[in-house]
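Novice: I'd like to go over a predicted model; first the sequence, then the structure.
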Amino acid sequence: MLDVLCVLGKRSGLAAVMPLLLTQRLAFGRHDTANKLIIIANAILRVPTRTSDVSVTGIRDVTQAMLAEADKVGEVFKLVAEARCDAPGKYTLTVEPKRVPRHSFLGGLCGWEMGLVFTSDLFEVVSMKIDEPSVVPTSSAVLRDVLHCALRSARGAPMAASP
């Protein structure tokens, strides 16, 4: 099944720039999601985070039987990145397939949609999603960030914003 997903990714253009092995390892092997969580932890939570700080489990171990069992009770599997606050400034960071209700916000994400849910003690739950069917938005953001870093470096400024 993983090979079929990789072929579909290549046909859609989303995996066209990466070799098949890299696509399998990054996109389907959980690291792409972990990298997004690391960015959120560093930029939003202001917690210095590296790859080794995130516990990761990919979708490879989700079987047809597990999918069928979830379906029987109205649930679906989604690869979920979570930053759980254990204490002020201390987070447990995980990426793993989780069963969620089919009709919940995360359960309703489909196709190329990506979702983000913030829960805090101060605000209501904030849920956002984006439908990103091509690599153009991400490529544009990466180019913008590279140019930003280059300009800051040329001026002698630090690469990262101050907290």
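Specialist: Arrived safely.
Novice: from here on, just use CA atoms for contacts and neighbour counts.
Specialist: OK.
Novice: so which bits of stretch 98-110 are buried?
Specialist: Under the neighbour-count criterion of 16 or more other Cα atoms under 10 Å, stretch 98-110 has R99, V100, P101, R102, L106, G107, L109 buried.
Novice: save those as CSV, and put in distance to T57 and secondary structure too.
Specialist: CSV is the format used below for the buried residues of stretch 98-110 (distance: Cα to Cα, whole Å; DSSP: H, G, I helix; E, B strand; the rest coil):
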residue, distance to T57, secondary structure
R99, 14, strand
V100, 16, strand
P101, 20, strand
R102, 21, coil
L106, 18, coil
G107, 19, coil
L109, 20, coil
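Novice: ok, the residues you listed vs V47, which is closest?
Specialist: Using Cα to Cα, L106 comes nearest to V47 of the buried residues of stretch 98-110, at 24.8 Å.
Novice: from the buried residues of stretch 98-110, which is closest to V54?
Specialist: Nearest member of the buried residues of stretch 98-110 to V54, counting by Cα to Cα, is R99, at 19.7 Å.
Novice: can you give me the strands in the protein?
Specialist: 54-56, 75-87, 90-101, 113-118, 126-131 (DSSP state E).
Novice: show me what the top helix by length along the chain is packed against.
Specialist: When the chain is parsed with DSSP state H, its longest helix is helix 136-154. Helices and strands touching helix 136-154, as assessed by 3 or more Cα pairs under 8 Å, 6 or more residues apart in numbering; DSSP states H and E, are absent.
Novice: show me how far that helix is from its chain's centre.
Specialist: Here helix 136-154 is found 20 Å from its chain centre; the criterion is Cα atoms, centre = their mean, to the nearest Å.
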